[in-house]
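J.: pasted the sequence and its predicted model underneath.
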Amino acid sequence: MKTNSINDSNGCLVCKAGQENYTTFVVGAFRGTEYYQYDYRHTDGELFSTVAKTLEECRKRRDEWLSKKQE
């Protein structure tokens, strides 16, 4: 599985316009369930961020957000 870093070495968010970044993490409180932290920076500079159990769900939420921005 490919995992992109969402932060640079200084801990700052790295997400260029029109690109996505994501990483996985495990939450022990939920019996070791793996989640995706997902960021997408729109070409206008606005950042979308979400957490979900699958990358597909993150992208679905992003697409819904993009649709709302175009209305």
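T.: Arrived safely.
J.: helix/strand/coil for the nearest residue to Gly18 once chain neighbours are set aside?
T.: Take Gly18 and drop its neighbours on the chain: the residue closest to it by Cβ to Cβ, 6 or more residues apart in numbering is Thr43, 4.8 Å away. Quick note: C-beta positions are derived from backbone N, CA and C, even for glycine. At Thr43, secondary structure determined by DSSP: H, G, I helix; E, B strand; the rest coil is coil.
J.: and stretch 61-71, which residues are buried?
T.: 61-62 (16 or more other Cβ atoms under 10 Å).
J.: let me fix that: stretch 18-34
T.: Neighbour-count burial for stretch 18-34 [16+ other Cβ under 10 Å]: 20-22.
J.: for those, give me CSV that also has secondary structure, distance to Glu57 and pLDDT.
T.: Output for those, formatted as CSV (DSSP: H, G, I helix; E, B strand; the rest coil; distance: Cβ to Cβ, whole Å; pLDDT from 0 to 100):
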residue, secondary structure, distance to Glu57, pLDDT
Glu20, strand, 13, 90
Asn21, strand, 16, 89
Tyr22, strand, 11, 90
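J.: and the residue nearest the centre of this protein?
T.: Tyr38 (1.0 Å; Cα atoms, centre = their mean).
J.: OK, contacts around that one?
T.: Counting by Cβ atoms under 8 Å, 6 or more residues apart in numbering, Tyr38 makes contact with 20-22, 49-52, 55, 58-59, 62.
J.: and these as TSV, adding distance to Gly32 and secondary structure?
T.: TSV is the format used below for the contacts of Tyr38 (distance: Cβ to Cβ, whole Å; DSSP: H, G, I helix; E, B strand; the rest coil):
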residue	distance to Gly32	secondary structure
Glu20	25	strand
Asn21	24	strand
Tyr22	19	strand
Ser49	23	strand
Thr50	21	strand
Val51	16	strand
Ala52	16	strand
Leu55	18	helix
Cys58	19	helix
Arg59	24	helix
Arg62	26	helix
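J.: let me know the helix or strand that Gln37 is in.
T.: Per DSSP states H and E: Gln37 is located in strand 33-41.
J.: which stretches of the chain aren't confidently modelled?
T.: Along the chain, segments meeting pLDDT under 70 span 1-14, 29-30.
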